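How does the following fold in three dimensions:
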Amino acid sequence: MLLVCFLQFIIDGMLGKLTRWLRMLGHDVTYYQGVDDKELILLAESEKRILLTRDRDLYQQAIRRGLDSFFVDLVSDACKLAVLARRFGFSLVFNFSVSRCPKCNGELESVSKAAVLDKLHEGTVSSYDNFWLCVVCGQVYWQGAHWKQIMLVLDEANRLLGLL
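Numbers count the residues shown, from 1 in each chain. Next up is the predicted model:
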């Protein structure tokens, strides 16, 4: 059985899409592009974060240093999420009340349509009523046309999780 827990990850530049998925699921994820392996390891140690990487050398260095780390070598988003959920014991259920901003990792807060009206296109205003705002970067979110694809990936990840 999986527990509801939120983890702190540090992710290298090769896993940007996974960064967004984990943030949407409520995890605190720092993401670095263009940072050398040594610095990434030092950041993971000092911030006590789990290192996720596609770089085998970085992964091996992290293991030698005793860091909690995971080598991500899977292709599909659903497979990555299922394997990580199994390994680290987290849920694959989306919930806006705990979700973080996929862009900047900030917390999201529910806001009225009126509060974000100036940031929305006319079609969005007429089609949706529920909105969330990142308290850090100001990005607005809603359950738009892309929502069906998000749920399909999470459903597939949960199906795969049941097979692991």
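
For I11, give me phi and psi.
phi -130, psi 140 (degrees, to the nearest 10).

So which bits of whatever helix or strand K148 lives in are buried?
K148 is part of helix 147-163, with elements assigned from DSSP states H and E. Judged by neighbour count using 16 or more other C-beta atoms under 10 Å, the buried positions of helix 147-163 are 153-154, 156-158, 160-161. To be clear about C-beta, it is placed using only N, CA and C from the backbone, and glycine gets the same treatment.

now what about that helix, what contacts it?
2, 21, 24, 76-79, 81-82, 85-86, 92-94 (C-beta atoms under 8 Å, 6 or more residues apart in numbering).

Would you mind writing the ChimeraX command to select the buried ones in those?
Those of those that count as buried under 16+ other C-beta under 10 Å are selected in ChimeraX with:
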select :21,24,77,78,79,81,82,85,92,94
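
Pull the most distant pair out of the contacts of helix 147-163.
Put simply, by C-beta to C-beta the two of those set farthest apart are L2 and S76, 19.7 Å from each other.

Show me the residue at the heart of the chain, geometrically.
Note on the chain: the residue nearest the mean C-alpha position is L22, at 1.8 Å, using C-alpha atoms, centre = their mean.

residues in contact with the helix or strand harbouring that one?
Using DSSP H and E, L22 maps to helix 16-24. Contact with helix 16-24 is made by 9, 11, 29, 31, 33, 52, 72, 77, 80-81, 84, 94, 99-103, 105, 150, 153, as judged by C-beta under 8 Å, 6+ apart.

Could I get the buried residue list for the helix or strand A115 falls within?
If you go by DSSP H and E, A115 is part of helix 113-116. Going by neighbour count (16+ other C-beta under 10 Å), the buried part of helix 113-116 is V116.

which other helices and strands contact that helix?
If you count contacts as 3 or more C-beta pairs under 8 Å, 6 or more residues apart in numbering; DSSP states H and E, helix 113-116 packs onto strand 131-134.
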